[in-house]
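Engineer: for reference, the sequence and a predicted model appear below.
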Amino acid sequence: MLLNKFRRLSISTKIAFSFAFVIFIGSLLLSLPISTLATSQMTYFDNLFTAVSMACVTGLFTFPVAESYTVFGQVICIVLMQTGGLGLMTIIATIVMRLGKKISYTDTMAVKEALNRDQLDDFKTYLWSIIKYTFLIEGAGMLLLAIRFVPKLGWGKGLFTSLFLAVSGFCNAGFDNMGAISLQHYVHDPLVNLVLASLIILGGIGFSVWFDVTHNVHSIIKNKKRLGLKKTYRFLKPHTRLAINMSLILILVGTMMFMVVEWNNPNSIGTFTVGQKVLASFFQTVTMRTAGFATIDYAGILPFSLLFFIFTMFIGGSPGGAAGGIKTTTFALVLLLIHNEIKGQRYINYARHTIPIETIRRAIVVVASFFMCLMVGVSVLLIVEDQPFLNLLFEAVSALATVGVSVNLTPELSRISQTALMLLMFIGRIGPITIFLSLIRRKRKGKERIYAKTNILIG
């Protein structure tokens with residue numbers, strides 16, 4: 001009976017319901033006595049906040065994982081992050097298809113939209129590839145991190161910590177099981193920084209991007225072609241090239257910007273060597289896009305750096321992965337639109353392809369919707385809290401863009417503000433999907449009416 005009702009729901013409602021279901025079950029499991037430490041001060045509200053943050057792969061918390069949950073509770077945390085990163089419907093659809101069963105067309109469409117995939121051909125293989133490569137990448141990350149943590153923590157705890165961080169990194173969740181100050185003790189450790197940064201980038205670039213890249217690499221190897229990097233790059237799809245270009249630009253610009261601004265700040269990287277400053281700046285830029293780890297205390301960075309990070313968090317990662325934000329390609333399309341308006345060009349082109357005006361309109365709606373949600377969330381925090389505006393804005397963007405960094409403010413907020421953050425995290429995880437579905441799947445009744453044209457003054 002319930003299954004039939006679920007099948008009749010709209011695609012966007014199914015996606016929202018699947019995340020809500022994971023959050024509810026996760027909050028109950030985290031509230032079990034076997035999940036929490038005897039010294040834990042967690043209430044059900046705190047467990048619910050953690051479940052929302054993990055299922056929405058954000059990283060904000062009211063109490064640190066290491067000080068709140070047992071090994072069993074931390075296993076539940078891993079499952080929540082993995083499920084939130086891949087999506088419950090993606091996991092279920094993959095299992096059902098691997099068992100030789102069929103899923104309905106509407107459920108297939110829901111999974112397709114959740115993954116931002118624009119086609120249904122070879123969908124079974126695509127889903128299985130996502131699961132397979134996810135575990136392979138996380139496994140590789142775990143083994144590399146184990147080089148650092150096994151000698152320090154022992155085999156059992158070292159491997160488990162490496163697994164926790166690898167899953168959290170690839171799913172862009174930003175949680176760790178090491179304490180309240182994230183990874184600040186490892187700010188100068190190249191292995192930990194570079195492995196986690198690689199996991200974050202791979203998880204946030206989008207499944208379609210790395211499948212396109214690997215497909216082209218395999219084709220070149222199979223056909224034994226010797227092509228230069230530039231020619232090889234041209235074989236990639238326009239979406240892949242745009243996502244990679246924007247990601248590289250944001251990482252390079254962000255690293256340089258943070259390093260220059262914070263160069264002499266003793267509260268952040270001012271006392272580091274040049275190499276340490278580059279490493280720390282690179283890691284903060286990568287994690288600020290969508291992940292939520294921290295190797296420095298953000299309460300000590302300069303206001304301009306906070307403002308710049310708010311901007312990069314709002315952009316986020318790329319579509320079809322575990323990243324949040326408006327997405328790199330959405331931001332790029334808006335920039336292309338502005339560029340064309342300035343030059344007086346009618347059509348928007350990229351990589352010798354013309355982008356449909358409907359896609360540009362959806363990009364504008366996504367940006368506007370995110371901005372409106374952010375303004376509502378910030379307004380609630382400003383009404384309830386007596387904190388600096390920039391810090392509250394930073395907190396709200398971090399939640400909405402599912403980043404999870406904080407200026408040590410989340411645990412101090414009131415329950416009303418923490419509830420607002422939970423809603424922002426939930427909206428940030430499913431909002432863009434819901435917006436797209438409402439635009440391209442909505443059935444209009446009757447004919448569209450066209451009236452006499454008029455002119456509205458703007459600017």
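Structural biologist: On my side now, so go ahead.
Engineer: give me the contacts around stretch 287-294.
Structural biologist: 58-60, 168-169, 172-176, 181-184, 196-197, 200, 204, 250-251, 254, 283-284, 309, 312-313, 315-317, 322-325, 398, 401-405 (C-beta atoms under 8 Å, 6 or more residues apart in numbering). Yep, even glycine has a C-beta here, placed from its N, CA and C like the rest.
Engineer: now the buried members of these.
Structural biologist: 58-60, 168-169, 172-176, 182-183, 196-197, 200, 204, 250-251, 254, 283-284, 309, 312-313, 315-317, 322-325, 398, 401-405 (16 or more other C-beta atoms under 10 Å).
Engineer: okay, and which of the contacts of stretch 287-294 map to helices?
Structural biologist: 168-169, 196-197, 200, 204, 250-251, 254, 283-284, 309, 312-313, 315, 398 (DSSP state H).
Engineer: below-threshold pLDDT in the stretch 1-150 of the chain: ranges please.
Structural biologist: Across the stretch 1-150 of the chain, the ranges flagged by pLDDT under 70 are 1-11, 88-124.
Engineer: how much space between the residue nearest in space to the middle of the chain and residue 422?
Structural biologist: Centroid-nearest residue in the chain, with C-alpha atoms, centre = their mean: residue 323, separated by 2.0 Å. The gap separating residue 323 from residue 422 is 19 Å, by C-beta to C-beta, to the nearest Å.
Engineer: what does residue 329 give?
Structural biologist: 27 Å.
Engineer: over to residue 414?
Structural biologist: 13 Å.
Engineer: looking at these two, which one has more neighbours?
Structural biologist: residue 422 (21 against 11; other C-beta atoms under 10 Å).
Engineer: name the nearest residue to that one, ignoring sequence neighbours.
Structural biologist: residue 52 (4.6 Å; C-beta to C-beta, 6 or more residues apart in numbering).
Engineer: isn't that neighbour up against residue 23?
Structural biologist: Yes: Residue 52 lies in contact with residue 23 (C-beta atoms under 8 Å); the separation is 5.3 Å.
Engineer: okay, and the common contacts of the two?
Structural biologist: By C-beta under 8 Å, 6+ apart, the residues touching both residue 52 and residue 23 are residue 426.
Engineer: more neighbours, those two?
Structural biologist: Counted by other C-beta under 10 Å, residue 52 and residue 23 do not tie: residue 52 has more neighbours, with 30 against 25.
Engineer: now the helix or strand hosting the more buried one, how far from the centre of its chain.
Structural biologist: For residue 52, the element it lies in under DSSP states H and E is helix 44-55. Chain-centre distance of helix 44-55: 17 Å, with C-alpha atoms, centre = their mean, to the nearest Å.
Engineer: report all helices and strands that it contacts.
Structural biologist: In terms of contacts (3 or more C-beta pairs under 8 Å, 6 or more residues apart in numbering; DSSP states H and E), helix 44-55 is packed against helix 11-30, helix 71-86, helix 415-440.
Engineer: now the residue nearest to the centre of the chain: phi and psi?
Structural biologist: Phi and psi for residue 323, reported as degrees, to the nearest 10, are phi -80, psi 160.
Engineer: on that earlier part again, would CSV of the helices and strands packed on helix 44-55 with distance to residue 43 be doable?
Structural biologist: Formatted as CSV, those follow (distance: least, C-beta to C-beta, whole Å):
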stretch, distance to residue 43
helix 11-30, 11
helix 71-86, 14
helix 415-440, 10
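Engineer: contacting residues for the spatially closest residue to residue 20 that is not a sequence neighbour?
Structural biologist: Using C-beta to C-beta, 6+ apart and skipping the chain neighbours, the partner closest in space to residue 20 is residue 426 (7.7 Å). Taking C-beta under 8 Å, 6+ apart, we find residue 426 in contact with 19-20, 23, 52, 56.
Engineer: what's the farthest-apart pair in those?
Structural biologist: The largest separation in these, counting by C-beta to C-beta, is between 20 and 56 at 10.6 Å.
Engineer: more neighbours: those two, which one.
Structural biologist: residue 56 (29 against 15).
Engineer: how about the more buried one, what does it touch?
Structural biologist: 19, 23, 84, 324, 402, 425-426, 428-429.
Engineer: from residue 335, how far off is residue 343?
Structural biologist: Residue 343 is 13 Å from residue 335, by C-beta to C-beta.
Engineer: neighbour-wise, which of the two wins?
Structural biologist: Neighbour count, other C-beta under 10 Å: between residue 343 and residue 335, residue 335 has more, with 12 against 7.
Engineer: per-residue confidence at that one?
Structural biologist: With respect to pLDDT, residue 335 has a value of 93.
Engineer: swap in residue 413?
Structural biologist: 94.
Engineer: hang on, it packs against residue 422?
Structural biologist: No: with contact taken as C-beta under 8 Å, residue 413 and residue 422 are classed as non-touching, separated by 11.1 Å.
Engineer: what about the strands in this protein?
Structural biologist: 349-350, 353-354 (DSSP state E).
Engineer: about what we covered before: could you dump the contacts of residue 56 into TSV with distance to residue 238 added?
Structural biologist: Listed next are the contacts of residue 56 as TSV, based on distance: C-beta to C-beta, whole Å:
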residue	distance to residue 238
19	30
23	36
84	29
324	23
402	26
425	31
426	32
428	26
429	26
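Engineer: farthest pair in these?
Structural biologist: 23 and 324 (15.8 Å).
Engineer: surely residue 347 touches residue 353?
Structural biologist: No: using C-beta under 8 Å, residue 347 is not in contact with residue 353, being 10.4 Å away.
Engineer: about what we covered before: what angle do the helix holding residue 52 and helix 71-86 make?
Structural biologist: Interaxial angle, helix 44-55 versus helix 71-86 (axes from the mean of the first three to the mean of the last three C-alpha atoms, to 10 degrees): 50 degrees.
Engineer: can you pull the buried residues of helix 44-55?
Structural biologist: For helix 44-55, by 16+ other C-beta under 10 Å, it's 46-55.
Engineer: just stretch 275-287 next, same as before
Structural biologist: Per 16+ other C-beta under 10 Å, stretch 275-287 contains these buried residues: 277, 279-287.
Engineer: try stretch 356-373
Structural biologist: So for stretch 356-373, counting by 16+ other C-beta under 10 Å, buried means 360, 362-363, 365-367, 369-370, 373.
Engineer: with stretch 22-29 instead?
Structural biologist: 22-23, 25-27, 29.
Engineer: follow-up on the earlier one: of the ones in helices among the contacts of stretch 287-294, closest to residue 147?
Structural biologist: Nearest member of the ones in helices among the contacts of stretch 287-294 to residue 147, counting by C-beta to C-beta, is residue 196, at 13.1 Å.
Engineer: measure that closest one to residue 282 for me?
Structural biologist: Taken as C-beta to C-beta, the span from residue 196 to residue 282 is 11 Å.
Engineer: repeat for residue 202
Structural biologist: In terms of C-beta to C-beta, residue 202 sits 16 Å off from residue 282.
Engineer: one more: residue 369?
Structural biologist: Distance from residue 369 to residue 282, by C-beta to C-beta: 31 Å.
Engineer: can you give me phi and psi for residue 59?
Structural biologist: Torsion angles, degrees, to the nearest 10, at residue 59: phi 120, psi -10.
Engineer: so what's it up against?
Structural biologist: 53, 173-175, 291-293, 403-405.
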